[in-house]
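*Asks:* Build me a model:
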Amino acid sequence: MFVGALELDILLGDVHSLKQKRSVVRPVLAEVRKRFAVSVAEAGHTDLHRRTLIGVAVVAEGGEHVRDVLDSCERYVASRPEFELLAARRRLLGPDD
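*Replies:* Numbering: from 1, shown residues only. Below is the predicted model:
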């Protein structure tokens, strides 16, 4: 069993309130969850209206599959015009960890 985690530090575009931030972030979280069958949540910068930290987690039998899914999630979020991806960090845990 392999477990992968991805943290995406994001700067939001034309957002001026926390309410507006939620209306931008929530649909993206739902689409990532639906499209890639992963667990995803806003995991940081919740008090800042122009920043967010999105956390993605996936569990699979093979490490290569976990890496592929996390790569796809990162590409999808980075391709969103309303987001500027500042940093992406990932962790992979396998049977030897």
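
*Asks:* Against which helices or strands is the helix or strand hosting residue 59 packed?
*Replies:* Residue 59 is part of strand 51-60 when elements are defined by DSSP states H and E. Judged by 3 or more CB pairs under 8 Å, 6 or more residues apart in numbering; DSSP states H and E, the packing partners of strand 51-60 are strand 2-12, helix 18-36, strand 39-44, helix 63-78. From N, CA and C alone the C-beta is placed, and that goes for glycine too.

*Asks:* Now do the helix or strand following the last one: which elements does it pack against?
*Replies:* Read in the C-terminal direction, the helix or strand following helix 63-78 is strand 83-93, with elements assigned using DSSP H and E. Counting contacts by 3+ CB pairs under 8 Å, 6+ apart, strand 83-93 packs against strand 2-12, helix 63-78.

*Asks:* re earlier: report the rounded mean pLDDT for the strand holding residue 59.
*Replies:* Mean pLDDT, strand 51-60: 97.

*Asks:* Residues touching that strand, excluding its own?
*Replies:* Applying CB atoms under 8 Å, 6 or more residues apart in numbering, the external contacts of strand 51-60 come out as 1-12, 21, 25, 28-29, 32, 36-46, 66, 69-70, 73, 77.

*Asks:* same thing with stretch 15-35?
*Replies:* 12, 38-42, 47, 49-50, 52, 54, 56, 73, 76-77, 80, 82-83.

*Asks:* Swap in 6 Å and give it another go.
*Replies:* With contacts defined as CB atoms under 6 Å, 6 or more residues apart in numbering, stretch 15-35 is touched by 40, 42, 49-50, 52, 73, 82.

*Asks:* Go through these and name the one nearest residue 97.
*Replies:* Taking CB to CB as the measure, residue 97 lies nearest residue 73 of those, at 21.2 Å.

*Asks:* burial count for the closest one?
*Replies:* Using other CB atoms under 10 Å, residue 73 is surrounded by 24 other residues.

*Asks:* For the residue lying closest to it once chain neighbours are set aside, give its distance to residue 14.
*Replies:* Nearest residue to residue 73, sequence neighbours excluded (CB to CB, 6 or more residues apart in numbering): residue 56, at 5.0 Å. Residue 56 sits 25 Å away from residue 14, going by CB to CB, to the nearest Å.
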